[in-house]
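K.L.:
3D model of this:
(one chain, ligands or ions: 2)
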Amino acid sequence: MSRRRIDLTDQLGPFVPAPAPDDAQLALLRAWMPARRWFPVKSGTTTITPWRSFGLADGSDAIVHLLRVEGPEATVTVQVPVVRRPSVTHAVGQEVPPSWIGTLGDGTDLLDACDDPTFWRAWLTLAQWGEADAPPASLDLAGARMLTVEQSNTSILLPAVAGGAILKLFRTVAPGANPDVDVPRALVQVGWDGVPAPLAWLELAGEDEGDVPAGAEPIDLGVLTELVPDASDGFQLACAYATGGLSFAEDAAELGRTVAGMHVALRQALPAAGQTVGLAWLRSELRRRARAAAASASVIAGRLPAIERLYGLLEAPGEASLLELQHIHGDLHLGQVLRAGDGTWRVLDFEGEPMRPLEERQRPDLPVRDVAGMLRSFDYAAAVGEATSPTWATDARDAFLAGYTEAYPTPDDAFTQTLRDALELDKALYEVVYEAGNRPDWLGIPLGAVDRLLAHGKPPAPDGDEPVPG
Ligand SMILES: Nc1ncnc2c1ncn2[C@@H]1O[C@H](COP(=O)(O)OP(=O)(O)O)[C@@H](O)[C@H]1O
Ligand SMILES: O=P(O)(O)O[C@H]1O[C@H](CO)[C@@H](O[C@H]2O[C@H](CO)[C@@H](O)[C@H](O)[C@H]2O)[C@H](O)[C@H]1O
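P.N.:
Ligands and ions are numbered 1, 2, ... in the order given. The predicted model follows:
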């Protein structure tokens, strides 16, 4: 969707030039960044080099560094705003605050500015506020704090700004509109109330670079969104239900209706102009992703033949049949939904799977991918919440699917089931790679699902063929 663009062609817009981090700062950043949850490269050696640095034009002293992180597979750009403050001594045994990057030779601390009120104020002052021209007259930072939850970006809770808001600073940035800004805006514009409204965003002008043509697209640095009051995180809630022996079916059914409503609204908000894919293409794409997953997580490699066979089952009566694509969420799971105080659900985080390239994440896709993502999440909640009932996850799945199909009728036939299984497997493989890099203790959750799906979708083994694991 179009944005009212500030003319940034010959100037830095809301920013002022600033020096790149010097050697001492760079050494601290190189030691600190890879241990952050948001650091995008999870294994292998990385090279971190300064790319662009700028200050904020309101006179505050934070400096935003964009650093190139070159990993074994790709080079990405990471946003790290910093401030220098007089050093604070922490008692022996006391944990240093999460914003502490290190102490410089002159005795000052280099800190993550995401936890700094002067940076918040500067950001809010310089951001583009929706269709309005200016921020609210008063920016009350009472109760504001940086969140320390598990997330791919860094968010700051601002309970007194604009009636309650949350600021998300994108950690991995790229030229082009971040879907986490434009997709919710488009959904709000078509009147869908299942998403909290974006209130303001901040973008950095593009810059010519090497063979990138002049006028490279602006880079989205973050988005301010309205706060969902009295919200419960969907994953924590589901885990608590599982632990407490409470059925999640009713909430799951409502969630199914919400996800269906989201798909209907996305079709209207961002029409995909009749784009389709053929089954042959889908099979080869799923196999490509499986091979890439196997290359990243060795535990998948031995299962590849069985995975390929399961994808081979993906045949419709008319092989020529085409599947319709549309804009989808792309990384839907219980941690991306909030249950508001009134029991309704809100969907967050339209950035897609953070481990995939932006261009891939923006493409129209199959809505069943979102359904499969949420189904995987019930399995996670049952495992993490140590569900006491053996049917906890299947009850939630069935209720979710019933709620979804009630609001977005889809055929209930063998092909639909096989397609859903294939996409659940695709998601479980992604999760194996994700857990191997982030939470190795949880690797068994998606791996168990991979084996279950392989056993369930097991094709009749041709003579002499090796057996499917599971
Ligand atoms: N609009 C909102 N209202 C209340 N809480 C929110 C809102 N948006 C996000 N959160 C909370 O902020 C945290 C991070 O949000 P999320 O958008 O999923 O981050 P990330 O993309 O970095 O993973 C989650 O704990 C989520 O529950
Ligand atoms: O929320 P993000 O955009 O950062 O998504 C990534 O991290 C998620 C974990 O925080 C990960 O989700 C996986 O774990 C969840 C429980 O923590 C579970 O509910 C999901 O079903 C499971 O996929 C997500 O895959 C990853 O992209």
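
K.L.:
give me the neighbour count for the nearest residue to residue 56 once chain neighbours are set aside.
P.N.:
The shortest distance from residue 56 to any non-neighbouring residue, by C-beta to C-beta, 6 or more residues apart in numbering, is to residue 122 (4.0 Å). For the C-beta atoms, the positions are set from N, CA and C on the backbone; glycine is no exception. A total of 24 residues lie near residue 122 under the criterion other C-beta atoms under 10 Å.

K.L.:
residue 201 and residue 218 touch, don't they?
P.N.:
No: if you go by C-beta atoms under 8 Å, residue 201 and residue 218 don't touch, sitting 10.2 Å apart.

K.L.:
ok, those two, which is more surrounded?
P.N.:
Just comparing residue 201 and residue 218: by other C-beta under 10 Å the higher neighbour count belongs to residue 201, 25 against 20.

K.L.:
list the beta-bridge partners for that one.
P.N.:
residue 128, residue 223 (DSSP bridges).

K.L.:
who touches it in this structure?
P.N.:
Contacts for residue 201 were tallied using C-beta atoms under 8 Å, 6 or more residues apart in numbering; they are 127, 128, 181, 220, 222, 223, 224.

K.L.:
tell me where the model's unsure across the stretch 151-300 of the chain.
P.N.:
207-215 (pLDDT under 70).

K.L.:
could I get the average pLDDT for the strand ranked longest in the chain?
P.N.:
Ranked by residue count under DSSP state E, the longest strand found in the chain is strand 75-86. The pLDDT scores in strand 75-86 average 95.

K.L.:
just the buried positions in it, please.
P.N.:
76, 77, 78, 79, 80, 81, 82, 83, 84 (16 or more other C-beta atoms under 10 Å).

K.L.:
please see if it touches ligand 1.
P.N.:
No: Strand 75-86 lies apart from ligand 1 when judged by C-beta under 6 Å from any ligand atom; the minimum separation is 12.3 Å.

K.L.:
report all helices and strands that that strand contacts.
P.N.:
The contact analysis (3 or more C-beta pairs under 8 Å, 6 or more residues apart in numbering; DSSP states H and E) places strand 75-86 against helix 23-32, strand 63-70, strand 108-112, helix 117-126, strand 172-173.

K.L.:
helices or strands up against the last one?
P.N.:
Read it as strand 172-173. By 3+ C-beta pairs under 8 Å, 6+ apart, strand 172-173 packs against strand 75-86, strand 219-226.

K.L.:
turn the ones you listed into a markdown table, including distance to residue 52.
P.N.:
As requested, the helices and strands packed on strand 172-173 are exported to a markdown table (distance: least, C-beta to C-beta, whole Å):
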| stretch | distance to residue 52 |
| --- | --- |
| strand 75-86 | 9 |
| strand 219-226 | 9 |
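
K.L.:
what values do phi and psi take at the residue of the stretch 351-470 of the chain found nearest ligand 2?
P.N.:
Closest contact between the stretch 351-470 of the chain and ligand 2, by C-beta to the nearest ligand atom, is at residue 377 (3.4 Å). With angles defined as degrees, to the nearest 10, residue 377 sits at phi -70, psi -30.

K.L.:
adjust the sequence numbering to begin at 58 for everything that follows.
P.N.:
Let's use 58 as the start, then, which means that last one is residue 434.

K.L.:
return the residues of the stretch 108-257 of the chain in contact with ligand 1.
P.N.:
204, 206, 208, 209, 210, 212, 223, 225, 253.

K.L.:
for these, which two are the farthest from each other?
P.N.:
209 and 253 (17.7 Å; C-beta to C-beta).

K.L.:
show me the strands in the stretch 408-527 of the chain, by range?
P.N.:
Secondary structure of the stretch 408-527 of the chain (DSSP state E, counting those that start in this stretch): no strands located.

K.L.:
now the helices and strands packed on strand 132-143 as JSON lines including distance to residue 296?
P.N.:
As requested, the helices and strands packed on strand 132-143 are arranged in JSON lines below (distance: least, C-beta to C-beta, whole Å):
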{"stretch": "helix 80-89", "distance to residue 296": "30"}
{"stretch": "strand 120-127", "distance to residue 296": "32"}
{"stretch": "strand 165-169", "distance to residue 296": "29"}
{"stretch": "helix 174-183", "distance to residue 296": "31"}
{"stretch": "strand 229-230", "distance to residue 296": "27"}
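
K.L.:
so which of these gets nearest ligand 2?
P.N.:
Closest to ligand 2 of those, according to C-beta to the nearest ligand atom: strand 229-230, at 10.7 Å.

K.L.:
quick one: contacts of that closest one?
P.N.:
The contact list for strand 229-230 (C-beta under 8 Å, 6+ apart) reads 95, 97, 123, 133, 134, 135, 136, 209, 276, 277, 278, 411.

K.L.:
distance from that strand to the middle of the chain?
P.N.:
On the basis of C-alpha atoms, centre = their mean, to the nearest Å, strand 229-230 sits 11 Å off its chain's mean C-alpha point.
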